[in-house]
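# Give me coordinates for this.
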Amino acid sequence: MFFNELKLGATESDTASYGTLFAPNQINPGTTDKIVPLSPDDQNGAFVMILSTNASSVTNTIGQFAESRVVAEAVTNLANKDLLRSDAKKQTEDVNNANAIAQEVDKLMELVPSVASPDANQTTRAYLRVINAIAAGIDGHTEGFNTFDDAQDWFDSVKGD
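Numbering: from 1, shown residues only. From the prediction side, this is the model:
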């Protein structure tokens, strides 16, 4: 009943096959609650059945493992608190930097000519400004690109990083 399984078969020589005890969507009499087998979930955790001549020793050992893991994590966090704070600060800075780059690129993209037949030089300069902003934001590239080939060379040099 605990696992919602029934062994079907008349003899031990038969291949064991299992059926379910409770039919799906079966309702507990007098209520609207469905009858469900025991299974771990967010509210109930896991059901463990320990079959041993010294079950308390087994459960105590499992408890000690769980407690020692929690203690080890706490000690590690205390020992590395400065590193953890530094990592969190760096992640925040990286996110802020990425957002700033994205906003700048959005504004620069608005400056790209959108007429039916734009001037090729004006369009090229607009796209090079976008690429320069991305390069400056990604790795602090300060030299402006004069051609798309210059930008491609830069991209090829940093794409492996």
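# So residue 30 versus residue 114, what's the distance?
Per Cβ to Cβ, to the nearest Å, residue 30 is found 70 Å from residue 114. For the C-beta atoms, the positions are set from N, CA and C on the backbone; glycine is no exception.
# how about the longest helix seen in the chain: buried residues?
Longest helix of the chain, by residue count under DSSP state H: helix 81-110. Residues of helix 81-110 classed as buried: 104, 105, 108 (neighbour count, 16 or more other Cβ atoms under 10 Å).
# Would you map out the domains in this protein?
1-49, 96-158 (automatic domain parsing).
# chain center to the longest helix of the chain, what's the gap?
Averaging C-alpha positions (Cα atoms, centre = their mean, to the nearest Å) puts helix 81-110 19 Å from its chain's average.
# low pLDDT regions in the chain?
Where the chain drops to pLDDT under 70, the residues are 1-22, 37-40, 44, 47, 116-117, 160-161.
# Would you map the helices across it?
Taking DSSP H as the test, the helices found in the chain are 55-79, 81-110, 120-139, 148-158.
# Can you add distance to residue 26 and give these back as JSON lines?
Converted to JSON lines, the helices of the chain look like this (distance: least, Cβ to Cβ, whole Å):
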{"stretch": "helix 55-79", "distance to residue 26": "32"}
{"stretch": "helix 81-110", "distance to residue 26": "49"}
{"stretch": "helix 120-139", "distance to residue 26": "60"}
{"stretch": "helix 148-158", "distance to residue 26": "62"}
